[in-house]
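Visitor: have a look; sequence and predicted model below, questions after that.
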Amino acid sequence: ERLDEILAAVPAARVVRMRRAMAAVWERLLYSSYAPSFETLGNDFHEFNFGPRRPNVTSYLGEDGSRDAFAGIMDVLRARVQAWERAG
C-alpha cells in the first residue's frame, strides 16, 4: 500500500547507481540460451524438452547466452562440485 511512497523517497542519485549496477548483471536474470519446445509423446502426453543449447534464439538485446541464468546456475553447481571434490 505504501510502495509509491517508499519508491518516491529514494533519492535520484541512488536510483542512478542502482540502475548502473543492474546493467552489469541483467543477463544473469534471463534464460536466453535455451529455447524450450514441446514434443508430443503419444496422444495425450506432452513432455517439456529444453533441447540443445541454441544461442540467440530467444535473445532480447543481442546477448549470446554465455552469461545467462542457466550459465549462472551451472557456474554455482560447478563450484559446489569442485569444493566437494577438494574436501574429499
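Guide: Happy to help now that I have it. Treat the numbers as computed from the prediction; the structure is a model and nothing was measured.
Visitor: residue closest to the middle of the chain?
Guide: The C-alpha lying nearest the average C-alpha coordinate of the chain belongs to Ala69 (CA atoms, centre = their mean; 2.5 Å).
Visitor: distance of that residue from Ser33?
Guide: 9 Å (CB to CB, to the nearest Å). Placement of C-beta: from N, CA and C, glycine included.
Visitor: and Ser33, how many neighbours?
Guide: Residues lying near Ser33 (other CB atoms under 10 Å) number 23.
Visitor: excluding chain neighbours, what is closest to it?
Guide: Gly65 (2.8 Å; CB to CB, 6 or more residues apart in numbering).
Visitor: what is the burial count for that neighbour?
Guide: With other CB under 10 Å as criterion, Gly65 counts 21.
Visitor: isn't it right up against Ser32?
Guide: Yes: applying CB atoms under 8 Å as the test, Gly65 and Ser32 come out as touching, 5.1 Å apart.
Visitor: off-centre distance for the lengthiest helix in the chain?
Guide: Determined from DSSP state H, the single longest helix within the chain is helix 69-87. Centroid displacement of helix 69-87 relative to its chain, using CA atoms, centre = their mean, to the nearest Å, is 16 Å.
Visitor: pLDDT weak spots in the protein?
Guide: 34-59 (pLDDT under 70).
Visitor: same thing but 90
Guide: 1, 23-72, 74, 88 (pLDDT under 90).
Visitor: all helices for it, in order.
Guide: Using DSSP H, helices in the chain cover 3-8, 12-23, 69-87.
Visitor: who wins for proximity to Leu61 among these?
Guide: Shortest distance between Leu61 and these, using CB to CB, is found for helix 12-23: 11.0 Å.
Visitor: mind giving me the packing neighbours of the closest one?
Guide: Counting contacts by 3 or more CB pairs under 8 Å, 6 or more residues apart in numbering; DSSP states H and E, helix 12-23 is packed against no other helix or strand.
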